[in-house]
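1. coords below, sequence missing:
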């Protein structure tokens with residue numbers, strides 16, 4: 001285990017950045033050496049919450065932690081949460097480092113409703129671990145869900161973890177939802193940020209898991225309403241995923257509210273569900289393929305349905 005210092009770019013009442021110390025870990029999984037980072041808050045107690053933060057396509061742990069002007073570790077420290085940041089499998093193409101996670105859709109290329117991309121689609125270099133890939137394949141073909149399960153188990157073996165929340169942006173949101181579906185006994189909630197899964201491949205958990213899903217109307221990369229993205233790939237509309245989850249969890253009650261400041265947002269919250277879980281849809285009427293903004297407020301917005 002190596003420890004590194006990550007300077008926060010999040011300023012509060014001082015001009016000096018806060019220094020957040022991260023632990024670097026490497027484990028062997030799926031015949032590959034995989035890396036994840038851990039942030040441990042200053043006050044470790046019993047019954048801790050573990051937050052698994054997953055970056056998007058071509059990203060890494062740092063792009064998730066320091067996304068925009070907010071530092072995710074500051075949110076963890078404020079709430080006394082342990083955080084961990086797994087990194088996707090990577091390869092180099094034309095001098096560019098490409099990273100991604102296998103959400104069991106982008107690696108397959110074809111679902112129950114056909115190919116996940118149009119004839120005229122953008123070309124994405126598929127990772128070398130994809131054998132005989134489909135023409136629509138763009139994501140890693142490795143066992144990323146198994147890798148993240150090991151990351152969760154690692155922390156449970158060290159700390160007294162009461163609950164696990166998996167949050168991801170874009171490709172990270174896709175695999176966050178896939179983890180909720182495939183590891184429902186190890187995950188309590190998922191937050192999917194702009195990560196609609198491919199058309200016909202939006203999954204549901206067998207055991208109740210809370211979900212917060214965020215989409216923005218001006219997002220043409222992974223659109224929450226139109227099924228066809230600007231790069232020629234098809235995605236399941238957000239409302240379909242929300243309807244499937246609320247029915248699966250047998251949610252009995254709902255509420256709806258509008259937020260106009262600092263962003264124009266509609267929130268639909270479904271509760272009184274199985275095992276006291278909830279399903280929340282957050283639709284941003286102005287944003288694009290991004291976190292809700294301003295970023296610090298956006299992080300709190302995403303976690304609020306799970307914490308309050």
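-> Yep, that arrived. Bear in mind the structure is a predicted one, so any value in this text is a computation, not a measurement.
2. other SSEs contacting the helix ranked longest in the chain?
-> Scanning the chain for the longest helix, with DSSP state H as the assignment, gives helix 144-158. Using 3 or more Cβ pairs under 8 Å, 6 or more residues apart in numbering; DSSP states H and E, the elements in contact with helix 144-158 are strand 19-29, strand 32-39, strand 48-54, strand 82-86, strand 161-169, helix 171-182. Yep, even glycine has a C-beta here, placed from its N, CA and C like the rest.
3. which outside residues touch that helix?
-> 25, 27, 29-30, 34, 36, 38, 50, 52, 54, 82, 84, 86, 88-89, 101-104, 161, 164, 166, 175, 178-179, 182-183, 186-187 (Cβ atoms under 8 Å, 6 or more residues apart in numbering).
4. now do the buried residues in that helix.
-> By 16 or more other Cβ atoms under 10 Å, the buried positions in helix 144-158 come out as 144-145, 147-152, 154-155.
5. can you redo the residues you listed as CSV with pLDDT and distance to residue 250?
-> Listed next are the buried residues of helix 144-158 as CSV, based on pLDDT from 0 to 100; distance: Cβ to Cβ, whole Å:
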residue, pLDDT, distance to residue 250
144, 97, 30
145, 98, 25
147, 98, 32
148, 98, 27
149, 98, 27
150, 98, 32
151, 98, 31
152, 98, 26
154, 98, 33
155, 98, 31
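6. and the contacts of helix 144-158, which are buried?
-> Looks like these have 25, 29-30, 34, 36, 38, 50, 52, 54, 82, 84, 86, 88-89, 101-104, 161, 164, 166, 175, 178-179, 182-183, 186-187 buried, using 16+ other Cβ under 10 Å.
7. return the member of the buried residues of helix 144-158 nearest to residue 219.
-> residue 144 (23.2 Å; Cβ to Cβ).
8. quick one: average confidence on stretch 54-62?
-> Taken as a whole, stretch 54-62 has a mean pLDDT of 94.
9. give me the buried positions along it.
-> Within stretch 54-62, the residues that count as buried by 16+ other Cβ under 10 Å are 54-57, 59-61.
10. which of the residues you listed fall within helices?
-> Short answer: the buried residues of stretch 54-62 in helices (DSSP H) are residue 61.
11. list just the nearest of the buried residues of stretch 54-62 to residue 126.
-> residue 57 (12.4 Å).
12. show me the contacts for that closest one.
-> Per Cβ under 8 Å, 6+ apart, neighbours of residue 57: 98-100, 138-139, 170-171.
13. among those, who's most crowded?
-> For the contacts of residue 57, the largest number of neighbours (other Cβ atoms under 10 Å) sits with residue 100, at 30 neighbours.
14. am I right that that one is in contact with residue 138?
-> Yes: look at residue 100 against residue 138 with Cβ atoms under 8 Å: they come within range, at 7.3 Å.
15. shared neighbours, these two?
-> 57, 106.
16. need phi/psi at residue 91.
-> Main-chain dihedrals, residue 91, degrees, to the nearest 10: phi -150, psi 170.
17. what's opposite it in the beta bridge?
-> Beta-bridge partners recorded for residue 91 (DSSP bridges): residue 98.
18. now for the contacts of residue 57, which pair is the farthest apart?
-> Pairwise over those, using Cβ to Cβ, the maximum falls at 98 and 170, 13.8 Å.
19. for the stretch 101-250 of the chain, what are the low-confidence residue spans?
-> Within the stretch 101-250 of the chain, no range satisfies pLDDT under 70.
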